[in-house]
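S.K.: fold the following.
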Amino acid sequence: MIWLVLACTNSGDDVDSQVDEGLDTQDTETVDTAPPERPSFANPQRAEDQNPAEGVFELTLSAAPQSFVVAGQEVQGYAYNGQNPGPLIQVERGDTLTATLENGLDTASTIHWHGASVPFEMDGVPWMMDPVQAGTSKTYSFELNEPITGWYHPHFDTERQVDLGLYGVLLVKDPAWPVAEHELVLLADSWGEAPEEGHHAGFVFQENTWTVNGLESPVLDVQSGDSVVAHILNVSNMGYLSLSAEGMRVIGGEQGLLPAPTSPERLVLGPGDRAIVEFSPSSQEIELLTHPYSVAGEIQVGEPVSILGIHPSGSESAHPGLEWPFAAAAPSPDPGGTAVRYVFQGDEQTGEWRINGEAFPDVTIATLPEGEPAVIEVRNLSATEHPFHLHGMSFEVLSVDGVPPDQRTIEDTVNIGIRQTQRLLIPADNVGDWMAHCHILPHAEGGMMTVLRVE
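M.R.: Residues are numbered from 1 along each chain as shown. Next up, the predicted model:
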């Protein structure tokens, strides 16, 4: 995360005072106070399928150093295939993905397929297996049997490599879904003040600076009455999105469609979290705003900023909404009992973060038998919120502080509030040693990560 400070000298106050005093302003330099033109929105470039066979998508992802521009400053970072964000991998439910990582970095790396239920050997974590060393390659291959709004990123030196730009979208579509006139993929990243030393040292970005696909507050031009669907992914190391927009309808999450659409006043997405939203612009412009958000539960001072503008032309009525195949479902009853309990502890002052008092990799491995669903209870005793992410399997949220959700909620990343307890139903249907951790990456780096074994 990097913060950017933009300094501007403006003589407008002097000009205004001259006018107020009735002075002759003929020789006074005119000051242009018009806001800078916003860039045009663009989806990440689509990955090209290197295999013509039906039902198979094959590509190469080359990780290498790459410079890119953020808010007018050149950043020396990393990229896949020279792109920041990396190539958009879009496949259909049931396809097999074969991706070869060519490591052109001067350090080891991996690829983790965040949100996908992959075989353990394909998960891209350096637990019981070696990372991909510099100058070498590894091929990942697996079937994608469920629709997801997922993403891919390293799981080695994760905080640093993701922060330097190694991430991209893995979008698994259901052929039964309707097609919008505008389908957007938004990778939202935040930039903050850099440390004195280390990656991005010396760069300073304006508070609450967010980019979408590397662009600051881009604009999408549409026709009034068009249908607009957006897959929103928070790829920030530690920034939270707190989103609002006129007429925004949430239709899906990380693991496909919701049982029914919702229209929340704020859509909060912690690091690693995702959502699918629908917009129906008429003749009025829509701004997708993110509001200041504090993980400490405090009121955050500041103004919201727009991460995307949807600007229509014409006077057509708003689109009534696409016909999504929603399948209403009530939450599962809590079976009682607790197979695994994770207690989050730690503090910002020390940078030491723990699960059950243990810091990764010196952790106790909890074990579940394959095929027997089990309840995991996550308790947050720390003074900050934590987005909890489980590899290898999605889970159902049974309750938050004893209250079940309004509808069946399937997640792989869920925000755990301060002093909050969530009960999660795990299918235990994927054999392996699965990472379970906070997706605020400095917290994971500080020890807030453990391993859940299914055998």
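
S.K.: distance-wise, check the residue nearest the centre of the chain relative to residue 45.
M.R.: By CA atoms, centre = their mean, the chain has its centre lying nearest to residue 234, at 2.1 Å. According to CB to CB, to the nearest Å, residue 234 and residue 45 sit 21 Å apart. Any C-beta I mention is one placed from the backbone N, CA and C, and that applies to glycine too.

S.K.: any idea of the mean pLDDT in stretch 368-388?
M.R.: Averaged over stretch 368-388, pLDDT sits at 97.

S.K.: how about the contacts made by the residue nearest to the centre of the chain?
M.R.: 188, 240, 241, 269, 270, 271, 272, 273, 274 (CB atoms under 8 Å, 6 or more residues apart in numbering).

S.K.: pLDDT wise, what is it at?
M.R.: 97.

S.K.: how about it, nearest residue that isn't a chain neighbour?
M.R.: residue 269 (4.3 Å; CB to CB, 6 or more residues apart in numbering).

S.K.: the one you found and residue 239 touch, don't they?
M.R.: No: contact criterion CB atoms under 8 Å: residue 269 and residue 239 do not qualify, at 9.8 Å.

S.K.: give me the below-cutoff pLDDT ranges for the chain.
M.R.: Across the chain, residues meeting the criterion (pLDDT under 70) sit at 1-35, 192-208.

S.K.: closest one of the contacts of residue 234 to residue 381?
M.R.: Of all these, residue 270 has the smallest distance to residue 381: 17.9 Å, by CB to CB.

S.K.: now the closest one: phi and psi?
M.R.: phi -80, psi 170 (degrees, to the nearest 10).

S.K.: next, count neighbours for the nearest residue in space to it that is not next to it in sequence.
M.R.: Nearest residue to residue 270, sequence neighbours excluded (CB to CB, 6+ apart): residue 387, at 3.4 Å. Neighbour count of residue 387, defined by other CB atoms under 10 Å: 23.

S.K.: contacting residues for residue 387?
M.R.: By CB under 8 Å, 6+ apart, residue 387 lies in contact with 270, 271, 272, 273, 413, 414, 415, 416, 438, 439, 440.

S.K.: list the pairing partners of the helix or strand that contains it within its sheet, with orientation.
M.R.: Secondary structure assignment for residue 387, by DSSP states H and E: strand 386-390. Pairing partners of strand 386-390, with direction, according to DSSP bridges: strand 413-416 (antiparallel), strand 432-438 (antiparallel).

S.K.: can you give me the buried ones in the longest strand belonging to the chain?
M.R.: The longest strand of the chain (DSSP state E) is strand 56-70. For strand 56-70, the neighbour count (16 or more other CB atoms under 10 Å) marks 57, 58, 59, 60, 61, 62, 63, 66, 68, 70 as buried.

S.K.: list the helices and strands it packs on?
M.R.: strand 73-80, strand 89-92, strand 96-103 (3 or more CB pairs under 8 Å, 6 or more residues apart in numbering; DSSP states H and E).

S.K.: reformat those strands as JSON lines; add distance to residue 173.
M.R.: JSON lines is the format used below for the helices and strands packed on strand 56-70 (distance: least, CB to CB, whole Å):
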{"stretch": "strand 73-80", "distance to residue 173": "21"}
{"stretch": "strand 89-92", "distance to residue 173": "6"}
{"stretch": "strand 96-103", "distance to residue 173": "13"}
